[in-house]
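[1] coordinates for the following, if possible.
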Amino acid sequence: MQGLNLRGIKLVIQWRYTKSLCSLVQRIGRGVRDPTLDGVGIYFVEPKYLDREKSKKGKEARRMTQAIPRY
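    Have a look, this model is predicted:
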């Protein structure tokens, strides 16, 4: 099976997190099949997948755990 080869795509937007780097590269790589043109790939990811958000949640969980009295 052969994929589409649309040469005029100059902008590719990936909305939402994708677990596979290979999938992300494949999707963004669908743009600008013409080597004489430039293109842009934009990747929008939900904040919960960013390291700073994960770090905040980890700190919050540790703080909450420390606040619970242990008997």
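[2] from here on, contacts and neighbour counts on C-alpha atoms
    Noted.
[3] residue contacts, Phe44?
    Listed by CA atoms under 8 Å, 6 or more residues apart in numbering, the contact set of Phe44 reads Ile13, Gln14, Trp15, Arg16, Tyr17.
[4] want to throw those residues into TSV with secondary structure, pLDDT and distance to Gly31?
    Shown next, in TSV, are the contacts of Phe44 (DSSP: H, G, I helix; E, B strand; the rest coil; pLDDT from 0 to 100; distance: CA to CA, whole Å):
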residue	secondary structure	pLDDT	distance to Gly31
Ile13	strand	91	10
Gln14	strand	90	12
Trp15	strand	91	15
Arg16	coil	89	18
Tyr17	coil	88	19
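[5] show me which of those are buried.
    Neighbour counting by 16 or more other CA atoms under 10 Å classes none of the contacts of Phe44 as buried.
[6] need these in a markdown table with distance to Gly41, can you?
    Formatted as a markdown table, the contacts of Phe44 follow (distance: CA to CA, whole Å):
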| residue | distance to Gly41 |
| --- | --- |
| Ile13 | 6 |
| Gln14 | 8 |
| Trp15 | 11 |
| Arg16 | 13 |
| Tyr17 | 14 |
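[7] quick one: neighbours of the closest residue in space to Ile9 that isn't next to it in sequence, just the number.
    Nearest residue to Ile9 in three dimensions, chain neighbours excluded: Gly31, at 4.9 Å (CA to CA, 6 or more residues apart in numbering). Gly31 is flanked by 22 other residues according to other CA atoms under 10 Å.
[8] go ahead and confirm Gly31 touches Gly39.
    Yes: counting by CA atoms under 8 Å, Gly31 touches Gly39, with 6.5 Å between them.
[9] between those two, what contacts are shared?
    Listed as contacting both Gly31 and Gly39 by CA under 8 Å, 6+ apart are Ile9, Lys10, Leu11.
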